[in-house]
Each structure stands twice: as structure tokens, then as C-alpha cells.
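**Student:** Here you go, sequence then predicted model.
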Amino acid sequence: MATTKRDPSRTYDIAIIGAGIIGTVLAHTFGKQGRTVLLIERDLSEPDRIVGELLQPGGVYSLELLGLRDCLEGIDAIPAYGYEVLYGGKSVHIPYPENGMAKEGRSFHHGRFIQKLRQAARETKGVKIVEATARDLIRDEKSGLVQGVVVRPKGQQEEEKYYASLTICADGYASNFRKHIVRKKTEVTSAFVGLELIDAVMPHPNHGHVILGDNAPILLYQIGTHETRALIDVRGKVPANKMREHLEARADDIPECLKPSYLKAVRATERYPSMPNSFLPPTVNNIPGLMIVGDALNMRHPLTGGGMTVAFNDAVLLSKLLSPENVPDLDDTYEVTSVLSDFHWRRKASRGGSSVINILSMALYTLFAADNASLKYLQRGCFAYFERGGEFVTGPVSLLAGIVRNPWTLFYHFFAVAFYSIHVMFGGLRCWEWPKGVWDTVKIFWTACVVIFPYIFSEARS
């Protein structure tokens with residue numbers, strides 16, 4: 001129970017720090033359930049980011065369950081029907097499967113989508129949005145119970161206190177409040193450098209394009225009628241004064257139809273925006289009165305575009321677990337803490353699917369960014385696996401799209417790729433090279449295990 005005397009005019013059922021993807025959706029969702037919600041955002045102007053622009057079909061489906069699919073309208077969002085993977089001068093078409101969920105994804109300008117979500121939250125009864133910087137948490141000195149948040153409103157020097165039965169921190173990948181619960185270190189694997197191509201001629205319109213080869217992968221997708229996002233994966237440090245040279249050199253990997261718009265974007269850009277590609281396994285929310293969500297809690301490589309799908313899946317699950325029917329009194333800290341522990345495990349399972357998306361994103365990136373001989377074999381085998389079509393495409397892309405959430409399906413296809421890579425490797429050997437092929441088989445299989453099992457174990461742990 002709270003022990004601090006609260007000002008009723010500054011007291012809410014739920015306070016949410018961060019009006020980004022998941023913060024706005026949770027504010028709308030809990031407000032629709034009759035909760036009073038305070039949504040705190042440092043800057044309510046339209047954000048300008050180079051990720052959070054591609055929503056997979058599974059995420060579209062969850063957004064619809066939350067009653068927010070209309071937020072995809074009126075922002076020049078582009079339907080996405082699958083992927084085109086280019087490798088070694090060849091390409092393979094990977095369409096999203098036809099099933100009962102959403103049959104298409106959407107890609108868009110991140111900031112426009114955020115503003116639509118904020119508008120939906122603002123129009124929800126019981127939701128108040130304040131433009132302020134969250135400075136600290138209010139905690140009971142004896143019990144450690146989080147009772148609310150200290151903020152500094154924009155344009156003011158004085159701090160203000162807001163009280164809430166449950167405080168939700170949704171302040172993103174650079175979270176200031178993660179430290180209260182998360183003890184794991186964020187693993188940064190690389191960075192995406194972003195370009196905005198104008199009137200680019202895409203090899204397969206309305207599809208994401210993944211370019212593979214000897215260099216790190218490049219991801220392209222339309223974000224508007226005239227705009228296409230290019231994300232160039234950069235591993236290691238590239239000095240700012242060398243970035244243009246680096247990006248111009250990567251034009252050799254770009255299809256001929258895209259080169260003019262790509263090079264024009266490289267040469268027209270003065271400052272190249274970038275975003276670290278991070279991995280952070282989830283942690284159980286175990287501080288009474290506090291919950292961490294979104295990228296503040298759990299991150300994966302954005303190559304597969306799974307972040308928003310995880311966020312919306314989490315919002316759907318939380319809308320049920322923390323509903324007034326399930327938890328009538330949010331001041332019942334024992335019940336809320338128990339529910340949040342349940343949330344941690346259920347979001348990983350088939351119902352939430354976060355584990356599948358997390359593991360797939362990291363494993364697939366490792367193959368696509370292959371930097372040794374065994375990974376190169378796996379990369380080549382993965383592309384050859386896709387070339388077989390049918391279930392060899394439908395199964396993996398159903399996982400990627402957030403439609404299939406069964407971890408055994410991921411395990412099956414990953415090791416099917418590994419064994420097919422061995423088959424492809426042996427197919428290119430002469431008979432007198434077979435002894436070396438046996439040794440390479442061991443190395444390929446061992447590498448596959450080293451790639452996926454650490455991420456499986458990280459998801460299995462709390």
C-alpha cells in the first residue's frame with residue numbers, strides 16, 4: 001500500500017513515461033478500459049528516426065486488435081507484400097503467406113505514425129498528455145514501492161510530482177529508467193546508417209529488399225509515394241569524414257536500377273543519421289509499482305523489422321492481463337507484481353511470440369552479415385533454401401512476419417538451413433576434396449549451434 005499523501009489532482013491509475021510506439025498504444029488501451037492515464041513525453045514534436053518504419057503483418061494484426069489500425073491511414077503508408085532477397089547477382093521473391101491474419105505489412109515515415117498514435121491517445125477519455133522530462137521516480141523509503149514520477153515540464157525550471165498506482169517506463173532504447181530493473185548489458189552488434197532515396201526504382205515495388213554479399217547487408221523499403229529508406233549496416237567504427245566514401249563504395253552492391261537515386265542521396269546528405277543495432281534480452285519486472293516495456297526492456301536487431309510487432313503483441317497481452325476485470329485494484333501490488341511475472345513468460349511463448357522474433361532477428365543477421373568461411377556457407381545455403389520455394393519460403397517468412405510464433409518452427413527451419421548448407425557445400429566439391437568437406441561439415445554445424453543457442457538460452461533465462 002502507498003504511504004505518501006497524494007494530491008488527487010495529480011494522481012492517476014497509470015503513469016507512462018514515453019509517448020513512442022508502445023507508450024501511446026498502452027495509454028490508449030488502458031484509457032479505453034476506464035483507467036486514468038498520464039502520458040509523459042519530453043518532446044511532442046514529430047520525431048525523425050530511421051527505424052520503426054516497417055510493420056510486419058503480425059504487427060498490423062495486433063494493431064487492429066487494439067483498435068488502432070486507422071493510425072496507418074492518412075500518412076502515405078505503403079503496403080508491403082513480402083521481401084526480395086538479392087545475392088550474388090540472383091534474387092528470390094519471398095511473399096507474405098495468405099492466412100487468417102493480416103496479409104500485408106505497412107511501411108511509413110516513423111514520425112507520421114507516432115503522431116497518429118499520439119492523436120489517438122489524446123482523444124481517449126481518461127488520458128492526459130504532458131510535455132515534460134521525467135527526472136526521477138517517487139519511491140516509498142521503507143517498502144521501495146514506486147508511487148509515481150518527478151517531472152520537469154517543458155519551459156519550466158520547477159519540478160512537479162505525479163502519483164500513480166503503476167508507473168510504466170517506455171522511454172526507448174536509450175532509457176534512463178532501465179537501470180532500476182535491468183542488470184543485463186546491451187550488446188551493440190553494428191549500426192544502421194540511413195539514407196532517404198527519392199523516386200527510387202525498386203526491383204520489386206511494395207516489397208522490402210535485402211541485399212547480401214561479401215559486405216554487411218543493406219535493407220531497402222518504401223516509406224512513402226516518393227521516398228525509399230536505405231539502411232546500410234556498418235560494423236565497427238567509420239570516421240564521420242570517411243562515411244561518404246564508405247557509402248559510395250557500397251554502391252557496388254546496389255542493383256543498377258537503384259544506383260542513381262542511391263548515389264544522389266549519398267552525395268546530397270551532409271549528416272548521415274545512424275542508429276545502433278542492439279540486443280537486450282528481457283528481464284522480469286519485479287519492482288513493486290514499476291514496469292519497464294518496449295525497447296527499454298527488450299531489443300533485437302532491426303534487420304527483420306520485428307520491434308513494433310513485439311511492442312503491439314505486448315500491448316495486446318497487457319490489455320488482458322492488466323484489465324480491470326483481471327486486476328480491479330492497481331494498488332494491489334502483490335497481484336500486479338504476480339501479473340507482470342506472468343507477462344514475462346507469456347510474452348515469450350507462442351501467445352506473445354517475442355522469443356521467436358528476438359532469436360530470429362539475431363540469428364538471421366549473423367548469417368546475413370557473414371564474416372567467416374562457415375557463416376558464408378550458411379549464408380549461401382540460406383539463399384539456396386529460399387530458392388526452393390514453397391514451404392522453404394512460407395515457413396521462414398511466416399516467422400519473420402510475426403504470423404507464426406512457434407519456437408519449434410524456428411528451430412526446424414534454422415537447422416534445415418544448416419543441413420542444406422552442408423548439402424550445397426558438398427555439391428561444389430570434387431571427390432578428392434571430400435575429406436576437407438567432412439571437416440567443413442563439422443565446422444558449419446558447430447557454427448550454426450554457436451549462432452542460435454546463446455540466444456535460445458538468453459530467452460530461456462529470466
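**Tutor:** That came through, no problem.
**Student:** roughly how far is whichever helix or strand V393 is part of from the heart of the chain?
**Tutor:** Taking DSSP states H and E as the criterion, V393 maps to helix 391-400. Centroid separation between helix 391-400 and its chain, computed with CA atoms, centre = their mean, to the nearest Å, is 19 Å.
**Student:** State the number of residues packed around V51.
**Tutor:** Look at V51: counted by other CB atoms under 10 Å, it has 21 neighbours. Yep, even glycine has a C-beta here, placed from its N, CA and C like the rest.
**Student:** Equivalent analysis for K161, please.
**Tutor:** Neighbours of K161 (other CB under 10 Å): 17.
**Student:** Local confidence estimate at it?
**Tutor:** Per-residue pLDDT puts K161 at 96.
**Student:** Give me the phi and psi angles of the nearest residue to it once chain neighbours are set aside.
**Tutor:** Setting aside the residues directly before and after it, K161 is nearest to V150 in space (CB to CB, 6 or more residues apart in numbering), at 5.5 Å. Torsion angles at V150 (phi, psi; degrees, to the nearest 10) stand at phi -100, psi 130.
**Student:** residues contacting V150?
**Tutor:** Shown in contact with V150 (CB atoms under 8 Å, 6 or more residues apart in numbering): 134-138, 159-161.
**Student:** Of those, keep whichever come out buried.
**Tutor:** Burial by neighbour count, judged by 16 or more other CB atoms under 10 Å, picks out 134, 137-138, 161 from those.
**Student:** what about the nearest residue to V404 once chain neighbours are set aside, distance to F445?
**Tutor:** Closest residue in space to V404, ignoring its immediate chain neighbours: S398 at 4.0 Å, by CB to CB, 6+ apart. S398 sits 25 Å away from F445, going by CB to CB, to the nearest Å.
**Student:** likewise V149?
**Tutor:** The spacing between V149 and F445, counted by CB to CB, is 50 Å.
**Student:** Show me the shaky parts of the stretch 1-150 of the chain.
**Tutor:** The stretch 1-150 of the chain contains residues with pLDDT under 70 at 1-5, 100-101.
**Student:** Now do the strands in it.
**Tutor:** In the stretch 1-150 of the chain, the strands defined using DSSP state E, counting those that start in this stretch lie at 11-17, 37-41, 54-55, 78-80, 82-87, 90-95, 105-107, 127-139, 146-153.
**Student:** G148 reaches A15, doesn't it?
**Tutor:** Yes. Counting by CB atoms under 8 Å, A15 is a contact partner of G148 at 5.9 Å.
**Student:** Next, show the common contact partners of those two.
**Tutor:** In contact with both G148 and A15: 162-164, 167, using CB under 8 Å, 6+ apart.
**Student:** circling back: which of S398 and F445 has more neighbours?
**Tutor:** Each of S398 and F445 has its neighbours counted (other CB under 10 Å); S398 has more, 22 against 17.
**Student:** That one is in contact with P97, isn't it?
**Tutor:** Yes. Judged on CB under 8 Å, S398 makes contact with P97 at a distance of 5.4 Å.
**Student:** what helix or strand is the nearest residue to H344 once chain neighbours are set aside on?
**Tutor:** Nearest non-adjacent residue to H344, counting by CB to CB, 6+ apart: V284, 4.6 Å away. Assigned by DSSP H and E, V284 belongs to neither a helix nor a strand.
**Student:** Run a quick neighbour tally on V284.
**Tutor:** 16.
**Student:** gap between it and A132?
**Tutor:** Distance from V284 to A132, counting by CB to CB: 29 Å.
**Student:** Now do the same contact list for the closest residue to F368 other than its chain neighbours.
**Tutor:** Nearest residue to F368, sequence neighbours excluded (CB to CB, 6+ apart): P217, at 4.4 Å. Residues in contact with P217 (CB under 8 Å, 6+ apart) are 210-211, 233, 303, 365, 368-369.
**Student:** neighbour-wise, which of these leads?
**Tutor:** Within the contacts of P217, F368 tops the neighbour count with 26 neighbours, counted by other CB under 10 Å.
**Student:** picking up where we left off before, dump the strands of the stretch 1-150 of the chain to CSV, plus distance to K436.
**Tutor:** Below are the strands of the stretch 1-150 of the chain laid out as CSV (distance: least, CB to CB, whole Å):
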stretch, distance to K436
strand 11-17, 57
strand 37-41, 59
strand 54-55, 41
strand 78-80, 42
strand 82-87, 24
strand 90-95, 26
strand 105-107, 43
strand 127-139, 59
strand 146-153, 60
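**Student:** Could you work out which of those strands reaches nearest to N277?
**Tutor:** Evaluated over the strands of the stretch 1-150 of the chain, closeness to N277 peaks at strand 54-55, with 14.3 Å, by CB to CB.
**Student:** list the helices and strands the closest one packs on?
**Tutor:** The contact analysis (3 or more CB pairs under 8 Å, 6 or more residues apart in numbering; DSSP states H and E) places strand 54-55 against strand 105-107, helix 307-321.
**Student:** These into TSV, with extra columns for mean neighbour count and distance to G34?
**Tutor:** Formatted as TSV, the helices and strands packed on strand 54-55 follow (neighbours: other CB atoms under 10 Å; distance: least, CB to CB, whole Å):
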stretch	mean neighbour count	distance to G34
strand 105-107	26	30
helix 307-321	24	12
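**Student:** For the helix or strand containing L375, give me every contacting residue.
**Tutor:** Element membership of L375, judged by DSSP H and E, is helix 373-387. Here helix 373-387 makes contact (CB under 8 Å, 6+ apart) with 85, 87-88, 90, 92, 94, 212, 366-368, 370, 392-393, 396, 416-418, 420-425, 440, 443-444, 446-448, 451.
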